[in-house]
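**Q** What follows is a predicted protein model with its sequence.
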Amino acid sequence: MKKNSNILIYSLILMGLTVMLTNGCKKDDDPIGETGTVTDIDGNTYNTVTIGSQTWMVENLKTTKYNDGTDIPNVTDFITWSGLSTPGYCWYENNIDNKATYGALYNWYTVNTGKLAPTGWHVPTDAEWLQLTDYLGGELDAGDKLKEIGNTHWRTANETATNETGFTALPGGNRDAGGISGNIGNFGFWWSANEYSANYAWIRSMGFNLSNVYRAYEYKEVGLSVRCIKN
């Protein structure tokens with residue numbers, strides 16, 4: 001039987017979610033805002049920013065090839081996508097016009113190859129996502145510090161976002177386990193490199209009307225955005 005994505009459930013939970021602050025704190029002598037660039041195997045160049053001791057891409061990954069030059073399968077068919085237990089990517093609603101702004105949506109099997117990020121970079125672990133939100137004072141307010149300001153891409157309720165880190169998180173939406181695209185403009189979802197169980201892996205999400213970064217897990221078949229972190 002075809003599995004339904006948990007993304008809709010997470011979106012509803014996020015509306016009324018209260019997240020407890022973690023114990024992390026920002027150190028005044030840690031750098032924030034130092035910038036650079038990195039280029040992937042496809043020739044896409046990404047801006048980068050240093051936040052504490054970590055250096056992150058400022059944009060979602062767009063590559064259609066692994067870092068060894070081999071192609072990642074572009075899966076456009078709904079039924080084929082829903083049955084995948086192997087790597088695949090797509091553009092939101094199979095529309096390549098979404099590439100420049102939102103990047104690609106990858107299933108977790110693609111992440112798990114270990115070859116998705118540019119050389120010298122990797123998909124962040126669950127612990128590295130935790131390190132980021134701890135550095136920003138905890139999950140409760142970290143989303144506002146990471147989200148793009150204004151309503152060019154986020155819905156109108158994105159009123160408390162400051163993007164003071166320069167991370168510029170965007171609401172790229174998702175492709176659920178049934179192959180349906182949704183949530184663009186409302187939510188951004190990003191994979192971690194760690195699985196939660198045989199069927200699920202850890203993710204992070206941010207919402208248009210929320211200040212927090214939400215830690216959850218999702219079916220590995222789902223298509224989500226990827227932000228890479230420097231080794």
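**A** Arrived safely, thanks for sending. Numbers count the residues shown, from 1 in each chain.

**Q** residue ranges for the strands of the protein, please.
**A** 32-39, 45-51, 54-57, 89-90, 105-106, 121-122, 174-175, 181-182, 187-195, 200-207, 214-219, 229-230 (DSSP state E).

**Q** nearest to residue 158, of those strands?
**A** Nearest to residue 158 among these is strand 200-207 (9.0 Å), distances taken as C-beta to C-beta. For the C-beta atoms, the positions are set from N, CA and C on the backbone; glycine is no exception.

**Q** Would you tell me which one of the strands of the chain is buried the most?
**A** Across the strands of the chain, averaging neighbours per residue (mean count of other C-beta atoms under 10 Å) puts strand 174-175 on top, at a mean of 29.

**Q** Mind checking the pLDDT average for that one?
**A** Per-residue pLDDT over strand 174-175 has a mean of 98.

**Q** Contacts made by it with the rest, please.
**A** 5, 7, 81, 90, 92, 105, 181-183, 187, 189, 222-224 (C-beta atoms under 8 Å, 6 or more residues apart in numbering).

**Q** Tabulate those (a markdown table), appending pLDDT and distance to residue 150.
**A** Output for those, formatted as a markdown table (pLDDT from 0 to 100; distance: C-beta to C-beta, whole Å):
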| residue | pLDDT | distance to residue 150 |
| --- | --- | --- |
| 5 | 51 | 28 |
| 7 | 50 | 24 |
| 81 | 96 | 32 |
| 90 | 98 | 27 |
| 92 | 98 | 20 |
| 105 | 98 | 23 |
| 181 | 96 | 23 |
| 182 | 97 | 22 |
| 183 | 97 | 19 |
| 187 | 98 | 17 |
| 189 | 98 | 20 |
| 222 | 98 | 28 |
| 223 | 98 | 26 |
| 224 | 98 | 23 |
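
**Q** Closest to residue 75 out of the residues you listed?
**A** residue 81 (4.9 Å).

**Q** In contact with that closest one, which residues?
**A** 75, 88, 90, 175, 178, 179, 221, 223.

**Q** was I right about the last one contacting residue 90?
**A** Yes: under the criterion of C-beta atoms under 8 Å, residue 223 lies in contact with residue 90, with a separation of 5.7 Å.

**Q** Which residues are in contact with each of these two?
**A** 81, 105, 175.

**Q** all helices of the chain, in order?
**A** Taking DSSP state H to define them, one finds helices in the chain at 7-15, 78-82, 99-102, 108-111, 126-135, 139-146.

**Q** of all the ones you listed, which lies closest to residue 47?
**A** Of all the helices of the chain, helix 99-102 sits nearest to residue 47, with 13.2 Å by C-beta to C-beta.

**Q** buried residues in the closest one?
**A** Residues residue 102 are the ones in helix 99-102 that count as buried (16 or more other C-beta atoms under 10 Å).

**Q** again, but for stretch 111-118
**A** Applying a neighbour-count criterion of 16+ other C-beta under 10 Å, the buried positions in stretch 111-118 are 111, 112, 113, 115, 116, 117, 118.

**Q** if we can go back for a sec, can you tell me which of the helices of the chain has the worst average pLDDT?
**A** For the helices of the chain, mean pLDDT drops lowest on helix 7-15, to a mean of 43.

**Q** if we can go back for a sec, got the helices of the chain as CSV, with distance to residue 198 columns?
**A** Listed next are the helices of the chain as CSV, based on distance: least, C-beta to C-beta, whole Å:
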stretch, distance to residue 198
helix 7-15, 19
helix 78-82, 18
helix 99-102, 29
helix 108-111, 12
helix 126-135, 16
helix 139-146, 26
